[in-house]
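>>> Okay, sequence plus prediction incoming.
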Amino acid sequence: MVVDEKKEHYGILIYISTLFFFAAMEAQAKYLSDNYTVIQIVWARYTFHFVVIALALLFLKIFNYKIDFRKPRLLKVQVLRSISLLLMTYFFFVSLSKLPIAEATIILFASPLITIVLSPWLLKEKVNFSTWLAVIIGFIGMIIVINPNSFSEISGIDRSWIEGIVYGILGALFYSLYQIGTRVLAPKESTLTSLLFSGAAGLFVTSVLIIINFDPLTGRESWKLPEWDSWALLVSVGCFGAIGQLLILWAYAKSKATTLAPISYCHIIWAVIFGYLIFNSLPDSRSIIGAALIVSAGMYAYKKIEKNRTIDH
């Protein structure tokens, strides 16, 4: 039992490190969006991510580690999940380019609540009254962050704020679809198969858009030749994402999902830290209150659903 507790503690520390690398990747993406198109940044995220993962697997194979990669069994679900992840990344990066990093991240974390709303139809899962109530409270929190009262003075606010909110909500929606796809695949596909498939799919689509030099958001050219320092940042976007993916696999190998799920909200804390250190921005009181409602609702709903699953089994 002592050994298991130590493994759980290591898993938690690894997972917190995972969230650090993901938040660092997003901060880099926001910083780069001032000079480069979002599609170029997303391309870098997938390209260098894929390179790092491939090198890591090659290293493991050289030292005779077992690599659990198999041909996809549920190809259609793999494709839909990969498209959802790509669109989530794209829309979230657009949101980051227009909103403070903390606010964009808070909106993204409404995705678990959207997953609950979609689960009765897509996963055929029952949702009880108290969970629906938690979802409503979470969405109230998102409304507080969005601050719809400011829309009545639309001429007096920055249009990019509204665009950032819309793209942030789209990012949360597709992240929910990605999570649902992950849950469908988990019992039938190896984690490595899903990881490589989604990475290769994103790399293919973004590479095509880079080759034809088209940014679907603006309709303009997608490629701008980076300076050397910008190349380093673009590479780091992919490397941070890849390191995060590898660490998350390690974390889940040491700790249970039920232990790590509530800790995922530490991502918001890292986003606030990066927002302050790099962009000199801090969330206002509205965003803090909204985030508290979203996090509380998400944690309650998750624990309630896990409890019901345990009872059902």
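Arrived safely.
>>> Helices along this protein, start to end?
For the chain, the helices defined by DSSP state H occupy 2-32, 38-62, 75-98, 101-108, 111-122, 129-146, 159-185, 191-211, 228-254, 257-260, 266-279, 285-312.
>>> where in this structure is pLDDT low?
When residues are selected by pLDDT under 70, those of the chain lie in 1-6, 148-158, 258, 308-313.
>>> can you rerun that using 80?
Per-residue confidence for the chain (pLDDT under 80) gives these ranges: 1-8, 60, 63-70, 123, 125, 146-159, 186, 253, 255-262, 302-313.
>>> could the helices of the chain go into a markdown table alongside mean neighbour count?
For every residue, glycine as well, the C-beta is placed using N, CA and C. As requested, the helices of the chain are exported to a markdown table (neighbours: other C-beta atoms under 10 Å):
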| stretch | mean neighbour count |
| --- | --- |
| helix 2-32 | 19 |
| helix 38-62 | 19 |
| helix 75-98 | 21 |
| helix 101-108 | 27 |
| helix 111-122 | 19 |
| helix 129-146 | 18 |
| helix 159-185 | 20 |
| helix 191-211 | 18 |
| helix 228-254 | 18 |
| helix 257-260 | 15 |
| helix 266-279 | 19 |
| helix 285-312 | 17 |
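>>> Using a markdown table, lay out these together with distance to D68.
A markdown table is the format used below for the helices of the chain (distance: least, C-beta to C-beta, whole Å):
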| stretch | distance to D68 |
| --- | --- |
| helix 2-32 | 19 |
| helix 38-62 | 11 |
| helix 75-98 | 16 |
| helix 101-108 | 30 |
| helix 111-122 | 26 |
| helix 129-146 | 34 |
| helix 159-185 | 14 |
| helix 191-211 | 5 |
| helix 228-254 | 11 |
| helix 257-260 | 18 |
| helix 266-279 | 27 |
| helix 285-312 | 25 |
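>>> quick one, which of the ones you listed is nearest to T218?
Among the helices of the chain, helix 38-62 comes nearest to T218, with 8.8 Å by C-beta to C-beta.
>>> my read: D215 touches S222, true?
Yes - applying C-beta atoms under 8 Å, one finds D215 in contact with S222, separated by 4.1 Å.
>>> okay, the two: which has more neighbours?
In this view D215 and S222 are compared by other C-beta atoms under 10 Å, and S222 has more residues nearby, 22 against 16.
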